[in-house]
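J.: Sequence plus predicted model, see below.
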Protein chains: 2
Amino acid sequence: MGYQTYLDLIRPLLGDQEVVVSGMQAEVKRCRAAIDRALAGRRVALVSSGDAGIYGMAGLALEILAAQGRRLGPPGCEAPVDLFFEVIPGVPALAAGAALLGAPLMHDFAVISLSDLLTPWDLIERRLEAAAQADFVIVVYNPKSKKRDWQLAALREIVLKHRTPATPVGIVSRAWREGQAATATTLAEMLEHPVDMQTIVFIGNSQTYAFGPYLVTPRGYVGKYEVGAGPGGEG
Amino acid sequence: MGYQTYLDLIRPLLGDQEVVVSGMQAEVKRCRAAIDRALAGRRVALVSSGDAGIYGMAGLALEILAAQGRRLGPPGCEAPVDLFFEVIPGVPALAAGAALLGAPLMHDFAVISLSDLLTPWDLIERRLEAAAQADFVIVVYNPKSKKRDWQLAALREIVLKHRTPATPVGIVSRAWREGQAATATTLAEMLEHPVDMQTIVFIGNSQTYAFGPYLVTPRGYVGKYEVGAGPGGEG
């Protein structure tokens, strides 16, 4: 069971099992329907894109099951449970996107969704401020949608209080899918590039640098290891 | 090419290609050796565990290649390059560990390594403080090693300034590998559980709750959706 777009991505892996597709706005309904089937004895997989545990369906499923007071346990557990339940990890969009940019996430990072549908904007703003001042690399989910078009510019203003306009920024859309695009730019110019619902934005920390088409965040701040001595050196 | 432990994990996937193993402390040397071979015309895979781009080998490889002034491009690119270079994303430890705990990462999170080998402790402390006060879920890499045994207790003191002792904490070791262990505990009791080099610690935000053996961070702060209406409800 899942959103049409995500089920299409795994269509080649599906056999003759029942496939239940649903629309984008029907997340809670889809999740309840999956739980109802599982409680009726069916073996159900609820499909997310990326990793189901990062802004995905795993949490919504657990929220509903908790509200229903169900007892859960891992598949095969011997305790009395209403459902066997398991979250299968995947490659999250932050890892898929980072790989296309080179290595922006080699040091501490903060992951922030700019969607203010379920989170008040003042909390999002507080998190951006905290992440920017403490020199985290910042990974931005949901930077923009048709109805939300000003948040990314607001983020940029906040980060510019703490980092230079030349700070490297990476913009990745549809990583490892059809229509994939990865761009290395800067804080100064980041708003000139296309961004949509399927885009993740990476904002470098004070040490991140551009290297050809790649972004690299060095592992260390204190120069304890030496990488510049040429091929074959001991390091 | 890679660290022995990681190559052992993928041994069943290896064919008759050359396999070069190295020890834990030889990261820079291993990386240089991989680059030297690639420059000599070999096709080389440098193997990391989890995701190579999150505190992994991807960044070190790019740092060395940048210091050497090499020109890189993706496999098959038509521009003149010294090397084809590609980072393949994987399932990072943060996603693998979170899945065993249920859904702790359904809202904004900060990822912080407690290793002060390459990062000054005062910067790590500043990041912990920022993440704690802005109510990020906190994912802790490298919480402890044989030589570093006090940082996790210091983290706990910082977080306790901003969250209650009952805040849920998850401790996961060797996720999805032999010897896997996942424990849900609290800030108050987190230091009573075993933690080592192969452990990731998850600290819930102010909304995270325990549900049986699971940790759940709700998706929303503002109650715009309703999950408690019972099976089959519209939501």
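T.: Cool, got the structure.

J.: How are the strands of chain A distributed by residue range?
T.: A:2-3, A:21-22, A:72-73, A:83-84, A:102-103, A:109-113, A:137-141, A:168-173, A:181-186, A:199-203, A:209-211, A:214-216 (DSSP state E).

J.: least reliable of those going by mean pLDDT?
T.: The minimum mean pLDDT among these belongs to strand A:21-22 (a mean of 86).

J.: does any bit of it sit next to chain B?
T.: No. Figure legend: strand A:21-22 not in contact with chain B (Cβ under 8 Å from any Cβ of the partner chain); closest approach 12.1 Å. For the C-beta atoms, the positions are set from N, CA and C on the backbone; glycine is no exception.

J.: which strands and helices sit next to that strand?
T.: Helices and strands touching strand A:21-22, by 3 or more Cβ pairs under 8 Å, 6 or more residues apart in numbering or on different chains; DSSP states H and E, are strand A:2-3, helix A:4-9, helix A:27-39.

J.: Adjacent strands (with direction) for that strand?
T.: strand A:2-3 (parallel) (DSSP bridges).

J.: what separates the helix or strand bottoming out on mean pLDDT in chain A from the chain centre, distance-wise?
T.: One helix or strand of chain A scores below all others by mean pLDDT, DSSP states H and E: strand A:21-22, with a mean of 86. Relative to the centre of its chain, strand A:21-22 is centred 22 Å away, using Cα atoms, centre = their mean, to the nearest Å.

J.: what does that strand rub up against?
T.: Here strand A:21-22 makes contact (Cβ atoms under 8 Å, 6 or more residues apart in numbering or on different chains) with A:1-4, A:7, A:29-30, A:33.

J.: Report the buried members of those.
T.: Among the contacts of strand A:21-22, those classed as buried by 16 or more other Cβ atoms under 10 Å in any protein chain shown are A:1-3, A:7, A:30, A:33.

J.: most neighbours per residue, which of the strands of chain A?
T.: Stretch with highest mean neighbour count among the strands of chain A: strand A:102-103 (a mean of 29; mean count of other Cβ atoms under 10 Å in any protein chain shown).

J.: Any figure for the gap between residue A:155 and residue A:161?
T.: 11 Å (Cβ to Cβ, to the nearest Å).

J.: Let me see the ranges of the helices in chain A.
T.: A:4-9, A:27-39, A:57-67, A:93-101, A:121-133, A:151-160 (DSSP state H).

J.: Out of the buried ones among the contacts of strand A:21-22, which comes closest to residue B:143?
T.: residue A:2 (34.8 Å; Cβ to Cβ).

J.: With adjacent residues omitted, what lies nearest to that closest one?
T.: In space, and not counting its chain neighbours, residue A:2 is closest to residue A:47: 3.4 Å by Cβ to Cβ, 6 or more residues apart in numbering or on different chains.

J.: quick one: contacts for the one you found?
T.: A:1-3, A:6-7, A:10, A:57.

J.: Pop the domain breakdown of chain A in here.
T.: A:2-84, A:93-216 (automatic domain parsing).

J.: which stretches of chain A have low pLDDT?
T.: For chain A, residues meeting the criterion pLDDT under 70 lie at A:24-25, A:222-235.

J.: Give me the neighbour count for residue A:153.
T.: 11 (other Cβ atoms under 10 Å in any protein chain shown).

J.: Wait, it touches residue A:191, no?
T.: Yes. Here residue A:153 lies in contact with residue A:191, judged by Cβ atoms under 8 Å, at a distance of 6.1 Å.

J.: quick one on the thing from earlier: for residue B:109, which of the strands of chain A is the nearest?
T.: So among the strands of chain A, strand A:109-113 is nearest, using Cβ to Cβ, at 5.3 Å.

J.: Okay, now the sheet partners of that closest one, with direction.
T.: strand A:137-141 (parallel), strand B:109-113 (antiparallel).

J.: Residue A:196 is nearest to which of those strands?
T.: Judging the strands paired with strand A:109-113 by Cβ to Cβ, what sits closest to residue A:196 is strand A:137-141, at 12.5 Å.

J.: residues in contact with that closest one?
T.: A:55, A:93-94, A:97-98, A:104-105, A:107-115, A:128, A:131-132, A:152, A:155, A:159, A:200-205, A:208, A:217.

J.: any idea what sits nearest residue A:185, other than its immediate chain neighbours?
T.: With sequence-adjacent residues excluded and distances taken as Cβ to Cβ, 6+ apart, residue A:185 is closest to residue A:169, at 5.1 Å.

J.: Return the distance of the one you found relative to chain B.
T.: 17 Å (Cβ to the nearest Cβ, to the nearest Å).

J.: who has more neighbours, residue A:155 and residue A:161?
T.: More crowded of residue A:155 and residue A:161, by other Cβ under 10 Å: residue A:155, with 24 against 9.

J.: if I pick that one, what's in contact with it?
T.: So residue A:155 contacts A:114, A:128, A:140, A:143 (Cβ under 8 Å, 6+ apart).

J.: ok, 10 Å please
T.: By Cβ atoms under 10 Å, 6 or more residues apart in numbering or on different chains, the residues touching residue A:155 are A:112, A:114, A:124-125, A:128, A:131-132, A:138, A:140, A:143, A:187, A:190, A:201, A:203.

J.: ok, the residues you listed vs chain B, which is closest?
T.: For the contacts of residue A:155, the minimum distance to chain B (Cβ to the nearest Cβ) is 4.8 Å, reached by residue A:112.

J.: that older thread, between the contacts of residue A:47, which is nearest chain B?
T.: Once Cβ to the nearest Cβ is applied, the member of the contacts of residue A:47 that ends up nearest chain B is residue A:57, at 9.0 Å.

J.: Go ahead and confirm the closest one touches residue A:48.
T.: Yes. Between residue A:57 and residue A:48 a contact is recorded at 4.6 Å, counting by Cβ atoms under 10 Å.

J.: Next, show the common contact partners of those two.
T.: A:2-3, A:6, A:87.
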